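>>> Turn this into a model:
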Amino acid sequence: MIIGMTSTKIAVSLPGELVERAKRAVAEGQSASVSAYVARALEEQTKLDDLASLIDEMLAETGGPLTARERKDADRALGR
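Prediction:
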């Protein structure tokens, strides 16, 4: 949790497999609680969403998405 952030209790429905993974992470000492595990996952998703928005803005400023050729050249340059 982010220091200074208050907590709000909510109810969500999750697939059983994800709940079990969260409980396993707690049991293995990877997370303090299921709530902490879910909060960390939401923080990571927020970062990904912010990054996607930033990429969209950058692409809009530079002429739009990469063409197939540009993507192929980039993959080649990155050794993919």
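
>>> Can you point out the buried residues in the top helix by length along the chain?
Across the chain, the helix with the greatest residue count (assigned by DSSP state H) is helix 34-61. Residues of helix 34-61 classed as buried: Tyr37, Val38, Ala39, Arg40 (neighbour count, 16 or more other Cβ atoms under 10 Å). C-betas here are computed from N, CA, C, even on glycine.

>>> quick one: contacts of the helix or strand just after that helix?
As assigned by DSSP states H and E, the chain's next helix or strand after helix 34-61 is helix 68-77. Counting by Cβ atoms under 8 Å, 6 or more residues apart in numbering, helix 68-77 makes contact with Leu66, all of which sit outside it.

>>> how far out from the middle of the chain is helix 68-77?
Once both centres are worked out by Cα atoms, centre = their mean, to the nearest Å, helix 68-77 turns out to sit 25 Å from its chain's centre.

>>> CA atoms of that helix as PDB?
Presented in PDB, the C-alpha positions along helix 68-77 are these (Å, rounded to 0.1, in the frame of the first residue of the first chain):
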ATOM      1  CA  ALA A  68       4.300  -3.300 -40.100                       C
ATOM      2  CA  ARG A  69       7.700  -2.400 -41.600                       C
ATOM      3  CA  GLU A  70       8.700  -0.200 -38.700                       C
ATOM      4  CA  ARG A  71       7.700  -2.900 -36.200                       C
ATOM      5  CA  LYS A  72       9.700  -5.500 -38.100                       C
ATOM      6  CA  ASP A  73      12.800  -3.200 -38.200                       C
ATOM      7  CA  ALA A  74      12.400  -2.500 -34.400                       C
ATOM      8  CA  ASP A  75      12.100  -6.200 -33.700                       C
ATOM      9  CA  ARG A  76      15.200  -6.800 -35.700                       C
ATOM     10  CA  ALA A  77      17.100  -4.000 -33.900                       C
END
